[in-house]
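[1] A structural model of the following input is requested.
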Amino acid sequence: SGCTIPAAWCEAHHLTPWTHGGPTNLDDGILLCPHHHHLAHDHRYDMQRHPDGTLTFHRRT
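    Numbering: from 1, shown residues only. Okay, here's the model as predicted:
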């Protein structure tokens, strides 16, 4: 996402939601700033995680 917000200002996000059987561990978690965390939960957006760990958000069409 190119976000430069410090980790201390970020929120934990599960890549696989608990409601879909996601585990509660660090391997399934990432830190997102509040703005990107809201996008991750917005059904209008798709979040893609790349092999290098970066994320991109795209508005669904």
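
[2] can you show me the strands along this protein?
    11-14, 29-32, 45-49, 55-59 (DSSP state E).

[3] other residues contacting the last one?
    With CB atoms under 8 Å, 6 or more residues apart in numbering as the test, strand 55-59 has contacts from 1, 30, 32, 36, 39-40, 44-50. Where C-beta positions appear, they are placed from N, C-alpha and C, glycine not excepted.

[4] most tightly packed of the strands of the chain?
    Stretch with highest mean neighbour count among those: strand 29-32 (a mean of 18; mean count of other CB atoms under 10 Å).

[5] what is that strand packed up against?
    Packing partners of strand 29-32 (3 or more CB pairs under 8 Å, 6 or more residues apart in numbering; DSSP states H and E): strand 11-14.

[6] re the thing from before, TSV for the contacts of strand 55-59, including pLDDT and distance to residue 7?
    Output for those, formatted as TSV (pLDDT from 0 to 100; distance: CB to CB, whole Å):
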residue	pLDDT	distance to residue 7
1	55	14
30	91	11
32	95	10
36	96	13
39	96	18
40	94	16
44	97	27
45	97	22
46	96	24
47	93	18
48	93	21
49	89	17
50	91	19
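
[7] max pairwise distance over those: which two?
    With CB to CB as the measure, no two of the contacts of strand 55-59 lie farther apart than 44 and 50, at 20.8 Å.
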